[in-house]
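Trainee: Using only what follows, build the 3D model:
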Amino acid sequence: MSVLVVVECADGEVKKSSLEVASYGAQVAAQLGTTATAIAVGEANEANLVKLGEQGITKVLYDAEPRLKDFVNNAYTKLIATAAEQEQAKVIVLANSNIGAAVGSRLSVRLKASLATNVVELPKTDGGQFVVKRGAFSGKAFSDVVLSGDRKIIAVKKNSTEAQHDAGKTAEVASFSAQLSDADFADAPKQVVMQDQAGGVLLPEAERVVSGGRGMKGPENWGLIEDLAKALGAATACSKPVSDVDWRPHHEHVGQTGITVSPNLYIACGISGAIQHLAGVNSSKVIVVINKDPEAPFFKAADYGIVGDVFDVLPKLTAAVKALN
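Mentor: Residues are numbered from 1 along each chain as shown. As a prediction, this is how the structure comes out:
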């Protein structure tokens, strides 16, 4: 059974989560004794698509239809389904992202495929079954799911796998057309507004995030968060109570009812660590918590903790980062 990997691109770059997915898909293909082909969605650059060979992809399909630059649910679904049918793909791998969540369920219906989301490990294929392990209850539990359909769709949780790099390997980039019509773009948004963060990085894709909570005591103190973020090349974020009182814009709200992030580094400043907030950040590789309350629940989820006043710690931490740079 061949493997098709959905690769998300923005501003010509392949998203970090899609590099992880590409490596995952290539490993699944190796398990099954086949190769991995990718279908690129979004605004892609051919030079960066060629580099997907480093993750084990052998061929990349790319539809140059200009309206595919921005996410359109119906169009993306048809694009991926058409690629899956052309390549006779029995396994489709995508990121457990906003796009993946929206497209995955539609693909499952369209292709009559089994779907597993939030997958955290490579599948087990011994014994004639195809079993994947997925996270449940905001990462507090795991379940093994048997995908019994002829086609299988796997949505991989961010940061659950490492992006492999086999330097020098390249992928073939092939022109592809899904024969999309105006009707496929009927649900396209009339206007797309992208909320950029530090260095033009979208918060869901940021590799480093500095986040503040009510412990910052007011919007007038947010310069401390922004200074550290600038020194680290990080995006800024906040907890729900902060956005609720308009200290920060709602597009910076991280948590169960806000944006889910999966950075390599998440620094929480003056955030107690309510379960709703943890649900949005628990995919982070490293969590650093700064709080003057040693009993703050967030410390239980932290890799590193600093018990101290954010107004004392943040200037020193920023100065240390600048000195290291």
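Trainee: give me the low-pLDDT residue ranges for the stretch 151-300 of the chain?
Mentor: 190-201 (pLDDT under 70).
Trainee: change it to 50
Mentor: Low-confidence segments of the stretch 151-300 of the chain (pLDDT under 50): 198-199.
Trainee: Now do the helices in it.
Mentor: Per DSSP state H, counting those that start in this stretch, the stretch 151-300 of the chain has helices spanning 223-232, 240-244, 275-278. These are given in chain order.
Trainee: Can I get the ones you listed in JSON lines including mean neighbour count and distance to Ala102?
Mentor: Placement of C-beta: from N, CA and C, glycine included. JSON lines is the format used below for the helices of the stretch 151-300 of the chain (neighbours: other C-beta atoms under 10 Å; distance: least, C-beta to C-beta, whole Å):
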{"stretch": "helix 223-232", "mean neighbour count": "19", "distance to Ala102": "29"}
{"stretch": "helix 240-244", "mean neighbour count": "19", "distance to Ala102": "23"}
{"stretch": "helix 275-278", "mean neighbour count": "19", "distance to Ala102": "22"}
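Trainee: Let me have the ones you listed in a markdown table, extended by distance to Leu122.
Mentor: Output for the helices of the stretch 151-300 of the chain, formatted as a markdown table (distance: least, C-beta to C-beta, whole Å):
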| stretch | distance to Leu122 |
| --- | --- |
| helix 223-232 | 32 |
| helix 240-244 | 35 |
| helix 275-278 | 26 |
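Trainee: Identify whichever of the ones you listed lies nearest to Arg151.
Mentor: Minimum separation from Arg151 across the helices of the stretch 151-300 of the chain (C-beta to C-beta) falls at helix 275-278, 34.2 Å.
Trainee: May I have that closest one as PDB, with CA atoms only?
Mentor: Provided in PDB are the C-alpha atoms of helix 275-278 (Å, rounded to 0.1, in the frame of the first residue of the first chain):
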ATOM      1  CA  ILE A 275      -6.000  22.600  32.800                       C
ATOM      2  CA  GLN A 276      -7.600  24.500  29.900                       C
ATOM      3  CA  HIS A 277      -4.300  26.400  29.300                       C
ATOM      4  CA  LEU A 278      -2.200  23.200  29.600                       C
END
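Trainee: got a list of contacts for it?
Mentor: Here helix 275-278 makes contact (C-beta atoms under 8 Å, 6 or more residues apart in numbering) with Ser138, Ser239, Lys240, Val254, Gly255, Gln256, Thr257, Ile271, Phe298, Ala301.
Trainee: Tell me the one of the residues you listed nearest Asn45?
Mentor: With C-beta to C-beta as the yardstick, the closest approach to Asn45 among the contacts of helix 275-278 comes from Val254, at 29.0 Å.
Trainee: What are the neighbouring residues in contact with that closest one?
Mentor: By C-beta under 8 Å, 6+ apart, the contact list for Val254 reads Leu203, Val209, Ser211, Ala237, Cys238, Ser239, Thr260, Val261, His277, Gly280, Val281.
Trainee: same question, Lys15
Mentor: By C-beta under 8 Å, 6+ apart, Lys15 lies in contact with Val7, Glu8, Cys9, Ala95, Ser97, Glu205.
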